[in-house]
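*Asks:* Coordinates only, no sequence provided:
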């Protein structure tokens, strides 16, 4: 028997919801799910490798990073292996529509660099609300669909 106090149900829901959300966002920005990773720690976070290079930085890979505190950010890899350089934050809401994330990436690409918020807003709300919003993207398991 597993106590519900362990958070297993919450973590299972968070994993399923975040996985589905990342699948929707990665499709919207033109990469596959294999480009995504997620971390369920507090705060939950995610990484989506992009197939986008900026004209000003042609040798650097780019990525979207997400966390439950700041939502989406557009970042660039460094050559030194340090943390990513965040160029802009989407802002607005933590679980932004995938089409809005696609527009954010397109705007940064068109501008050749930073557009949007330079300083992250603290968008973190109630964890239950976050879970509810992410669960809208949850892809049911085959056993559940049958």
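*Replies:* That came through fine. For clarity, every value in this text was computed on a predicted model and none was experimentally measured.

*Asks:* what residues are up against the residue most central in space within the chain?
*Replies:* Most central in the chain under CA atoms, centre = their mean is residue 66, positioned 3.6 Å from the mean C-alpha point. Applying CB atoms under 8 Å, 6 or more residues apart in numbering to residue 66 gives the contacts 45-48, 72-73. Just so you know, the C-beta spots here come from the backbone N, C-alpha and C atoms, and that holds for glycine as well.

*Asks:* most neighbours, which of those?
*Replies:* The most crowded member of the contacts of residue 66, judged by other CB atoms under 10 Å, is residue 72 (27 neighbours).

*Asks:* if we can go back for a sec, so the residue nearest to the centre of the chain versus residue 121, what's the distance?
*Replies:* According to CB to CB, to the nearest Å, residue 66 and residue 121 sit 14 Å apart.

*Asks:* quick one: low-confidence parts of the protein?
*Replies:* 1-12, 81, 115-117, 140-146 (pLDDT under 70).

*Asks:* Do a quick rundown of the strands in it.
*Replies:* For the chain, the strands defined by DSSP state E occupy 36-39, 45-49, 62-67, 71-76, 85-89.

*Asks:* hang on, the earlier thing: looking at the contacts of residue 66, which one is closest to residue 134?
*Replies:* Of all the contacts of residue 66, residue 134 sits closest to residue 46, with 10.6 Å by CB to CB.

*Asks:* do you know how far that closest one is from residue 14?
*Replies:* Relative to residue 14, and taking CB to CB, residue 46 is found at 11 Å.

*Asks:* Ok, residue 21 next?
*Replies:* Distance from residue 21 to residue 14, by CB to CB: 10 Å.

*Asks:* hey, which helix is longest across this protein?
*Replies:* The helix that spans the most residues within the chain, counting by DSSP state H, is helix 8-28.

*Asks:* same for it, what does it pack against?
*Replies:* Using 3 or more CB pairs under 8 Å, 6 or more residues apart in numbering; DSSP states H and E, the elements in contact with helix 8-28 are strand 36-39, strand 45-49, helix 98-111, helix 127-135.

*Asks:* now it against helix 127-135, angle please.
*Replies:* 50 degrees (axes from the mean of the first three to the mean of the last three CA atoms, to 10 degrees).
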